[in-house]
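J.: need a structure here:
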Amino acid sequence: MAPGPGVSAWANWRLNMPVLAQRGFRCLAPDMMGFGYTDAPEGLNFSLDGWVDHLSGFTTALGLEKFSIVGNSFGGALALAYAIRHPKQIEKIVLMGAVGVDFPITKGLDLVWGYEASIENMRELLGVFAYDTSFVNDDLAEMRHRATLREGVMEKFSAMFPAPRQESVRMMASSEDAIARIEAPALIVHGREDQVIPVENSRRFFELMPNSELHLFRNCGHWTQIEKTDRFNDLLSAFLR
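T.: Have a look, this model is predicted:
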């Protein structure tokens, strides 16, 4: 779960899911409503509770009684909120560059949530996500840009995080008392050079969550699972076993 303009769950996790599957894990990556290839009802009021309800419907439909949950960025806030509301279902929780506490919105996040569709803006946005610019190329920008041009995509994305976008940061935050009550083992991962979500968020989660461990990567931006693929896959595999 790691939505942004033009992204899908598969696009974000394509370098990780096949490896984890080969190592014996069952991997499910839903596009949350309004993102990727999952539509959203007309006039829907997007909210953290709404996305939690959507995820709950997904897990119920698949008969998932106990599972581990992995969330990047927006998905991290959703993973936290889900663990708070459905603690008995969560085996372990992984947070990567996660939203989920209140913080002053960064220039990078404001750029993501305020995105206006153009190939130039997409190239700029991808440069914000990645520390290593070798991961940013014209093919990726074109793929993500084309995805934003599908009917209704940008209208829904713009409706999710309207200005002033600091309010959206607060909307996605869970109370610190509730986060501190999450008993499931937690792996917290962050790129030190993340321009989108401040690394202080992950340090705060680490202080709050009683069964947590924190891993920081140097020379890494918001895409830990992409920029540090091999190390991330090994770290995640070891943690989830």
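
J.: Please spell out the segments of this structure that come in under the pLDDT threshold.
T.: Along the chain, the parts satisfying pLDDT under 70 run over 1-6, 43, 152-153.

J.: And stretch 158-178, what's buried?
T.: Neighbour counts over stretch 158-178 (16 or more other CB atoms under 10 Å) mark Ser158, Met160, Phe161, Arg165, Ser168, Val169, Met171, Met172, Ala173, Ser174 as buried. Glycine gets a C-beta too; all of them are placed from N, C-alpha and C.

J.: Please read the previous query as pertaining to stretch 187-200.
T.: Buried, per 16+ other CB under 10 Å, within stretch 187-200: Leu187, Ile188, Val189, His190, Gly191, Glu193, Asp194, Gln195, Val196, Ile197, Pro198, Val199.

J.: send the alpha carbons of it over as PDB?
T.: C-alpha atoms of stretch 187-200 as PDB (Å, rounded to 0.1, in the frame of the first residue of the first chain):
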ATOM      1  CA  LEU A 187       9.800  -3.200  11.700                       C
ATOM      2  CA  ILE A 188      10.300   0.500  10.900                       C
ATOM      3  CA  VAL A 189      12.400   1.400   7.800                       C
ATOM      4  CA  HIS A 190      13.300   4.800   6.400                       C
ATOM      5  CA  GLY A 191      15.700   6.400   3.900                       C
ATOM      6  CA  ARG A 192      17.800   9.100   5.600                       C
ATOM      7  CA  GLU A 193      17.500  11.400   2.500                       C
ATOM      8  CA  ASP A 194      13.700  11.000   2.200                       C
ATOM      9  CA  GLN A 195      12.400  14.400   0.900                       C
ATOM     10  CA  VAL A 196       8.700  13.400   1.200                       C
ATOM     11  CA  ILE A 197       8.300  12.000   4.700                       C
ATOM     12  CA  PRO A 198      10.700  13.200   7.500                       C
ATOM     13  CA  VAL A 199      12.900  10.600   9.000                       C
ATOM     14  CA  GLU A 200      11.800  12.000  12.400                       C
END
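
J.: Please consider this matter closed, and thank you.
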